[in-house]
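Visitor: Give me a model of this one.
(2 chains)
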Amino acid sequence: MAELRIGIDVGGTNTDAVVLDAGGRVIAKAKRPTTPEVTGGLRAALDAVLSDLEGGPRPGDPTASGPTASGLPAGGHGAGGHGAGGHGRRAGREDVTRVMLGTTHATNAILERRGLGRVAVLRLGAPATTAVPPLSDWPGDLREAVSAGEAIVPGGHYVDGREIAPLDLDAVRRFLDGVRADAVAVTGVFSPADDAHERRVAELVRAEYGLPVSVSHEIGSLGLLERENATVLNAALYGVAAHVTGALRTALAERGLGARPYLAQNDGTLMTLEHAARLPVSTIGSGPANSLRGAAYLSGVADAVVVDVGGTSTDLGVLAGGFPRESAAAVEIGGVLTNFRMPDILAIALGGGTVLRGTPGSRAAHAGPVRRGVRVGPDSVGYRIGREALVFGGATATMTDAAVAAGRVPPGSEGWRERLRAAVQTLDASREAGDMSERMADILESAVTLADEMIIDAVDRMSLGRTGRPLVAVGGGAFLLPGRVPGAGEVIRPEHAEVANAVGAAIALASGRVDTILPAGDGRSAAIEGAKEEARARAVAAGADPAGVEIVDLLEVPLSYLSEPAVRVHVKAAGPLAR
Amino acid sequence: MLGTGGGGGVRTGSLAAIAAVRRHGPVPLVNLADLPDDALVVPMSGIGAPTVSHEMIHGEDEPRRLAEEVERIFGRPPAALMSAEIGGANGVAPVAWAAQLGVPLLDADGMGRAFPEVQMISMYVAGLAADLVIMSDVAGNVVTIRPVDGLWSERIARAVCVAAGSHALMSDYVLTAGQARGAVIEGTVTRALEIGRATEGTADPLGALREALGAARLITGKLTDVERRTAGGFVRGSATIEGTGADRGRRLTLELQNENLVAVEDGRTRAMVPDLITVVDTETAAAVQTESLRYGQRVTVLAWPCDPLWRTPKGLETAGPRAFGYDLDYVPVEELTAHG
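Guide: Reported below is the predicted structural model:
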């Protein structure tokens, strides 16, 4: 019996879906526009990929007649290899055992301040930390939308494990009695090292108030304000998470899919819907992580620079040991600084739909890089590329046009070069005598040079001085990239690169992580073993098979200026999903 | 910018300052000339481990308890608060403390920049005795130390800090305004505000910044190498910047020790401590701390003169290149960059 997996990735422009067979081959794929409320695009992509899988027609395909935003031809998405299960019958939806979804629901909810729950914000740390009250750095409208009230009550710990003050549960009750909230966020000082106070408050809230609780030691690492911010966002997202998991379950049931659903998170791993319902904030940033993991999988390369070219922007990331390299800096979401781990991504304003202009007259309005009479972006025609780019009969010069003029075309783009050549000749022939503006042919040529320089510069920044790593080109606009990039090794263009993000979701593992402070003296070894055990347990809780969980990352950083030598320890465990 | 790569982040201190001003009202800035000779000036700074200060933030009552102890000892309340170190975390946080106490902030500090060691402060250079240290912690403890010398001051203060959870508020050198004249570096709060305003909303932040600082541009280029090691509680290392654009072919090396201390090009020193050397993002002109230096960053290195106090024999003995272990005779940055 074939065991199929469906991976879905909801991006800013497109929602992509793939079906992988038991051997991990892509046997169906689809790309549909992301809809404003997200769920519609998800359903459309799911229908399209099931239709591709089962070989039927694809009714209601809105992009069938034109290219997608990233310059990819929409026709001919079928990946071939149908029936790869090899059991003498065509594979069908009944063979799908798992569905993995990476989605922007949570990110959009925060950015648009939509569907967020009211959170009672509780900090355990008085009399310390009162100089900076909770949510001090939040934008006013987000704070207004989220906060049901804030309090700092006695509790929390010192760096050496002593209590700052005994936990004052009566103060917790007095605060909660006075607020009307959908959820509670609890952040204790040094809880990543000692979570006892947070746990006791969580028990109290569940038992006496029946409200869902976010506890900060499950959400973030050291750095009180950033961890608190992430914990509050998490609590505000419970409603959104319930909506997503409900919508996914319904979409699967409606289509007769008995598959087990999972959600992708920001480190490129998966969690069960039950787990995701508790940690919705972890889904933020899953898009770039999926893309990186998908690139690693499709190319077979575990250490590489990945360049994901979309319609509006290009994301660069680095794969180390098959996982995304993580950002060292704090990450801002919707104007709020958080400290959970996110992939280290460099985004540049360059994509298939990026608008090109001859420089005269455009200086004031646009800020993109200029060279040799052309300005590249930073704006993009986005999803309108199919109407507006020269190659598609429009009047706007785009990066896709420049790439095609330079002979860089995506697979399945017969006739593009001829069409573009004709359009450019018509444009340049219609110039009046004495017209001082650049010829379109020159603009396109200069734009490719400039875009290549932008890519080379970005690759260099991401390389951190390590040259020679292969470059994996993915995303719908990957054909824009040159055949060679100084500082990088071979440029790999894997098959199915345009849906690498959905592939990344489909192949992901489940993981668990621990970030804490441990003594560096005699107890160190035992303490680190304990942290590893906890990380494994968290991976299993997220859906991993206990037999397959391994420690994939162990980082020890000595801490300065402390009385007792101590280390900050970060452990990550990951493994394949349990059956 | 004035932290010259060190001094700690300003984010938590800024949030505390905003919260305190919102709650207690704005903080007046006073000049030393406006204070009578017997007015008490209290320099305050946070001490402890950076990891801890990001997690266990100050309580609101710490400055008040410290100020009450000053009043018990001197028989009168503080007339003004002062930043001990204008560069970095201890430059911004005093705004919060002054607001919480309802006292003005003195337009001065003890360094005009950031320095890593306790004796590297203008009051020490001016010969004032460090014979009184007052500390207050998050739990409400107040500790007064009467040390016999600077070494004991450091030793006991560290021990107290550790007992307090590796994070405390400290005041050494409680001064009268009369003592402070000539012993503090004046105008540094105003200067910090001017630097901030200069780079806001301008099309050429780097140019505006250079003008505000009166800084020489040592190089514009790309960070190609960063080497760091932790030794004796300090981060030491070096960073190499290779020139781009008009500076192509040039290469500048920075010697670091929490702060940027010496800039060398082709074996020639271009700037050295106690003059200020700061690495900024070429595009945004935002200062880059030594711990955030990373391969590939597009940066410009700026250098400008320190306060004249640091160029006196005692100033150079305290915080000149030899105080940091560099076998260099101090030459002012204006002379080093005059022909470069």
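Visitor: nearest residue to the closest residue to chain B within the stretch 1-150 of chain A other than its sequence neighbours?
Guide: Nearest residue of the stretch 1-150 of chain A to chain B: residue A:128, at 3.6 Å (Cβ to the nearest Cβ). (Glycine included, C-beta is placed from N, CA and C.) Sequence neighbours aside, residue B:138 is the residue nearest to residue A:128 in space, at 3.6 Å (criterion: Cβ to Cβ, 6 or more residues apart in numbering or on different chains).
Visitor: next one: residue A:495
Guide: Nearest residue to residue A:495, sequence neighbours excluded (Cβ to Cβ, 6+ apart): residue A:298, at 6.8 Å.
Visitor: is it true that that neighbour touches residue A:502?
Guide: No. Counting by Cβ atoms under 8 Å, residue A:298 sits too far from residue A:502 to count as a contact (10.9 Å).
Visitor: Looking at these two, which one has more neighbours?
Guide: More neighbours surround residue A:502 than the other of residue A:298 and residue A:502, with 36 against 23 (other Cβ atoms under 10 Å in any protein chain shown).
Visitor: Would you mind listing what in the stretch 1-150 of chain B touches chain A?
Guide: Applying Cβ under 8 Å from any Cβ of the partner chain, we find that the stretch 1-150 of chain B lies next to chain A at B:11-12, B:15-16, B:18-20, B:48-52, B:54-62, B:96, B:100, B:138-140.
Visitor: the helices in the stretch 151-300 of chain B, which residues?
Guide: Using DSSP state H, counting those that start in this stretch, the helices of the stretch 151-300 of chain B run over residues B:177-180, B:188-198, B:205-213.
Visitor: ok, back up a step: quick one: which of the residues of the stretch 1-150 of chain B next to chain A sit in strands?
Guide: Using DSSP state E, the subset of the residues of the stretch 1-150 of chain B next to chain A located in strands is residue B:48.
Visitor: Buried ones among the residues of the stretch 1-150 of chain B next to chain A?
Guide: Neighbour-count burial (16 or more other Cβ atoms under 10 Å in any protein chain shown) is assigned, among those, to B:11-12, B:15-16, B:18-20, B:48-52, B:54-62, B:96, B:100, B:138-139.
Visitor: In helices, which of these fall?
Guide: Counting by DSSP state H, the part of those found in helices is B:11-12, B:15-16, B:18-20, B:50-52, B:62, B:96, B:100.
Visitor: Just put the residues you listed in CSV and tack on distance to residue A:100 and pLDDT.
Guide: CSV is the format used below for those (distance: Cβ to Cβ, whole Å; pLDDT from 0 to 100):
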residue, distance to residue A:100, pLDDT
B:11, 37, 90
B:12, 39, 92
B:15, 39, 95
B:16, 43, 96
B:18, 43, 95
B:19, 43, 95
B:20, 48, 96
B:50, 39, 78
B:51, 36, 79
B:52, 40, 88
B:62, 50, 96
B:96, 47, 97
B:100, 51, 96
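Visitor: Out of those, the closest to residue A:274 would be?
Guide: Using Cβ to Cβ, the shortest approach to residue A:274 within those belongs to residue B:51, at 33.8 Å.
Visitor: quick one, what contacts residue A:9?
Guide: Contacts for residue A:9 (Cβ atoms under 8 Å, 6 or more residues apart in numbering or on different chains) come out as A:15-17, A:101-103, A:264, A:286-287, A:290-291, A:499, A:501-502, A:504-505.
Visitor: what bridges to it?
Guide: On the basis of DSSP bridges, residue A:9 is bridged to residue A:16, residue A:102.
Visitor: and the gap between it and residue A:246?
Guide: 20 Å (Cβ to Cβ, to the nearest Å).
Visitor: and if you look at residue B:84?
Guide: With Cβ to Cβ as the criterion, residue B:84 and residue A:246 are 56 Å apart.
Visitor: Pick out whichever of the two has more residues nearby.
Guide: Set residue B:84 next to residue A:246 and count neighbours by other Cβ under 10 Å: residue B:84 wins out with 26 against 13.
Visitor: is it true that that one touches residue B:90?
Guide: Yes. Under the criterion of Cβ under 8 Å, residue B:84 makes contact with residue B:90 at 5.9 Å.
Visitor: tell me, what's touching those two both at once?
Guide: residue B:45.
Visitor: if I pick residue B:8, what's in contact with it?
Guide: So residue B:8 contacts B:50, B:53, B:88-90 (Cβ under 8 Å, 6+ apart).
Visitor: what secondary structure does it sit in?
Guide: coil (DSSP: H, G, I helix; E, B strand; the rest coil).
Visitor: pLDDT value on it, please?
Guide: Looking at residue B:8, its pLDDT stands at 86.
Visitor: can you check residue A:541 too?
Guide: At residue A:541, pLDDT is 87.
Visitor: What is the burial count for residue A:139?
Guide: 13.
Visitor: For the residue nearest to it when sequence neighbours are not counted, give me its contacts.
Guide: Of all residues not flanking residue A:139 in the chain, residue A:335 sits nearest, at 4.2 Å (Cβ to Cβ, 6+ apart). Residues counted as contacts of residue A:335 (Cβ under 8 Å, 6+ apart) are A:138-139, A:142.
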